[in-house]
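[1] need a structure here:
(one chain, ligands or ions: 2)
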Amino acid sequence: MSSILTVHARRLWDSRGQPTIEAEITLDNGITGRAIAPAGASRGKREAVDLRDGGIALNGKNVTQAIAGINGPIADRLTGMDISDQRAIDNVLIGLDPSPMKTVLGGNALVACSLAALHTAALNAGTPLWRHIADLYDCVPSLPLAEIQIFGGGAHAAGRVDIQDFMIMVPGASDFDEMMEITSEVYFAAGDIMASKGKRHGIADEGGWWPEFSSNEDALETLTKAIEKAGETPGKNVVISLDIAASEFRDGNGYYFSLEDRKMTTEQMISTLGGWIDSYPIVSIEDPLAEDDTDGMIAFTAQFGDRLQIIGDDYLVTNRDIVAQAISDKACNAVLLKVNQIGTVSEAIDTFMLAREAGWQSVVSARSGESEDSTISHLATGLGAGQLKVGSFQRSERMVKWNECLRIQDQIGRQNYAGGTPLSQTWWHKTSFA
Ligand code: PGA
Ligand code: ZN
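    Ligands and ions are numbered 1, 2, ... in the order given. Okay, here's the model as predicted:
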């Protein structure tokens, strides 16, 4: 048995220039592993909260207290523990902060420690992280199909358009390499279209082109044109995935598109999305309605669940109990997995396992505030989760995750890829365009 000798936290800075935490675990045999906490901007109301200092300095975002929690009580309790027992380590973390939203020590402190333990255990076992995860949770590993953002929006682009993520998926590519190539073609075709209209004004938080559009649908039309300009047939090899992040423009009991000065009821919101689903090659929609609009989510899933992947992000916050309720409500059919929404690896795995048992799809996801940490590439592969969402095709905190998948591809073999199957054998064949 290799046991934990020290746990140490330091302050680093994330992709938005905000303070974040790196946790570092050293074993009695000298092996050291580390991980960095990510941070969301369009956060779910029920997700684990980051512990931040508040006050005036650094906009209240400093993490002194969260770091003190790691270097104090967390280090005290983890020291001496067996690094191979992730569940026991996570249980200690949860025991130290049993609050439902991890408000005592902070979700940021817990996630950094939990992920650092996972890394350290893999290094100690001498296996790549993805393989360690597959072994630990008895999963069949495979490289994920990527969801890659072409235009950013919502909270990641100062609300310039209301919809948050305009993404593509390339299920038709035979391997991860080809998927990257086609994505690159579409990404730069979209940039060229924006430039030709004099509307290329930089990029949003996750690296997607800045959304200088006249309406939300204008972004969808432009994305479809970019797929064509890249020499692909929309709906064939390349399809569209949207993260509506509808909680961000919830307006009382309804919704409000500020770009179009348009108020909608839940029914009108559903019919707006329905119009897009009929007109564009959309195969996946995340958070189509707000996190508190359960009736809307149920109605949307009843109407489109047989031809669309419907993902709960803010709606489910990687919380097993909330996913259990949504399964019984039939309120979506896929879960977004963000470890920092729930706090520890073990809790995120429990959520993943429950979703998988229910026949749901799973998408492992980054946050809008990221770093050079590429744990999620290994998590998506090790669990054989099927899909990975990381943001766009620019900025190193995004590319590090895609590039890590390419390294993993060399280890796992390019045939072990969740995409590449004939469309007729996959969940997206049910969409009207495939
Ligand atoms: P966030 O958004 O990381 O800013 O919360 C990402 C998402 O909604 O998927
Ligand atoms: Zn989301």
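
[2] can you give me the end-to-end distance of stretch 325-343?
    The stretch stretch 325-343 measures 20 Å between its terminal residues, going by Cα to Cα, to the nearest Å.

[3] is ligand 2 contacted by that stretch?
    No. Against ligand 2, stretch 325-343 shows no contacts by Cβ under 5 Å from the ion, the least distance being 6.1 Å. To be clear about C-beta, it is placed using only N, CA and C from the backbone, and glycine gets the same treatment.

[4] Angles on the backbone of the residue of the chain found nearest ligand 2, please.
    Ligand 2 sits closest to Asp313 of the chain, with a gap of 3.4 Å, by Cβ to the ion. The phi and psi values for Asp313, taken as degrees, to the nearest 10, are phi -110, psi -80.

[5] Next: Glu147.
    Dihedral angles for Glu147 - degrees, to the nearest 10 - are phi -110, psi 120.

[6] so what's it bridging to?
    Counting by DSSP bridges, Glu147 is bridged to Lys389.

[7] What residues does the stretch 251-400 of the chain have near ligand 1?
    Proximity of the stretch 251-400 of the chain to ligand 1, by Cβ under 6 Å from any ligand atom, involves residues 313, 365, 367-368.

[8] can we see that at 5 Å?
    For the stretch 251-400 of the chain, the contact set with ligand 1 under Cβ under 5 Å from any ligand atom comprises 313, 367-368.

[9] For the residues you listed, give me TSV that also has pLDDT.
    Formatted as TSV, those follow (pLDDT from 0 to 100):
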residue	pLDDT
Asp313	98
Arg367	98
Ser368	97
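
[10] Would you mind listing what in this protein touches ligand 2?
    Counting by Cβ under 5 Å from the ion, the chain comes close to ligand 2 at 243, 286, 313.

[11] OK, contacts around the nearest residue to Gly386 once chain neighbours are set aside?
    In space, and not counting its chain neighbours, Gly386 is closest to Ala418: 4.6 Å by Cβ to Cβ, 6 or more residues apart in numbering. Contact analysis of Ala418 by Cβ atoms under 8 Å, 6 or more residues apart in numbering lists 142-145, 384, 386-387.

[12] Now do the contacts for the residue of the chain closest to ligand 2.
    Taking Cβ under 8 Å, 6+ apart, we find Asp313 in contact with 44, 243, 245, 286-287, 336, 338, 365.

[13] how much space between it and Ala204?
    When distance is defined by Cβ to Cβ, to the nearest Å, Asp313 is 17 Å away from Ala204.

[14] Same check on Phe352?
    Going from Phe352 to Ala204 by Cβ to Cβ gives 28 Å.

[15] neighbour count winner among the two?
    Higher neighbour count among Phe352 and Ala204: Ala204, with 26 against 23, using other Cβ atoms under 10 Å.

[16] Grab the nearest non-local neighbour of that one.
    Using Cβ to Cβ, 6+ apart, the closest residue to Ala204 is Gly152 (2.6 Å).

[17] Over to Pro128?
    Gln411 (5.6 Å).

[18] Can you say which helix or strand has the one you found in it?
    Using DSSP states H and E, Gln411 falls within helix 396-412.

[19] The closest residue to Thr64 other than its chain neighbours: what's it in contact with?
    Of all residues not flanking Thr64 in the chain, Asp53 sits nearest, at 5.3 Å (Cβ to Cβ, 6+ apart). By Cβ under 8 Å, 6+ apart, Asp53 lies in contact with 60-65.

[20] now swap in Pro234 and tell me
    Pro234 sits in contact with 224, 227-228, 240, 280-281, 433, where contact means Cβ under 8 Å, 6+ apart.

[21] where along the stretch 1-150 of the chain do the strands fall?
    4-13, 19-27, 32-36, 145-152 (DSSP state E, counting those that start in this stretch).

[22] Quick check: bridge partners of the residue most central in space within the chain?
    Geometric centre of the chain, nearest residue: Ser365, 1.7 Å, by Cα atoms, centre = their mean. Beta-bridge partners recorded for Ser365 (DSSP bridges): Lys389.

[23] My read is that it contacts Ile376, right?
    Yes. With contact defined as Cβ atoms under 8 Å, Ser365 reaches Ile376; the gap is 7.2 Å.

[24] any residues in contact with both of these two?
    388, 390.

[25] Do I have it right that Thr63 meets Arg52?
    Check again: residue 63 is Val, not Thr. Yes. With contact defined as Cβ under 8 Å, Val63 counts as touching Arg52 (6.3 Å).

[26] Comparing those two, which shows the higher neighbour count?
    Val63 (28 against 20).

[27] Does the longest helix belonging to the chain pack against any helices or strands, and if so which?
    Under DSSP state H, the helix in the chain containing the largest number of residues is helix 176-196. Contacts defined by 3 or more Cβ pairs under 8 Å, 6 or more residues apart in numbering; DSSP states H and E place helix 176-196 against strand 145-152, helix 216-229, helix 396-412.

[28] what's the angle between that helix and helix 396-412?
    Interaxial angle of helix 176-196 relative to helix 396-412 (axes from the mean of the first three to the mean of the last three Cα atoms, to 10 degrees): 160 degrees.

[29] Next, the buried residues of helix 176-196.
    For helix 176-196, the neighbour count (16 or more other Cβ atoms under 10 Å) marks 176, 178-180, 182-183, 185-191, 193-194 as buried.

[30] just stretch 48-59 next, same as before
    48, 50-52.

[31] ok, of those residues, which one's closest to Leu5?
    Leu51 (25.1 Å; Cβ to Cβ).

[32] where do the helices sit along this structure?
    Under DSSP H, the chain gives helices at 64-69, 75-78, 86-96, 107-125, 129-137, 176-196, 216-229, 266-279, 294-304, 320-329, 339-342, 345-357, 375-383, 396-412.

[33] In contact with the spatially closest residue to Gly369 that is not a sequence neighbour, which residues are there?
    Excluding the flanking residues, the one nearest Gly369 by Cβ to Cβ, 6+ apart is Ala39, at 3.5 Å. By Cβ under 8 Å, 6+ apart, the contact list for Ala39 reads 14, 16, 18, 20, 50, 108, 340, 367-369.

[34] try 10 Å this time
    With contact set as Cβ atoms under 10 Å, 6 or more residues apart in numbering, Ala39 has these partners: 14-16, 18-21, 50, 52, 61, 63, 107-108, 111, 340, 367-371.

[35] And those, which of them are buried?
    Of the contacts of Ala39, these count as buried by 16+ other Cβ under 10 Å: 14-15, 18-21, 50, 52, 61, 63, 107-108, 111, 340, 367-371.
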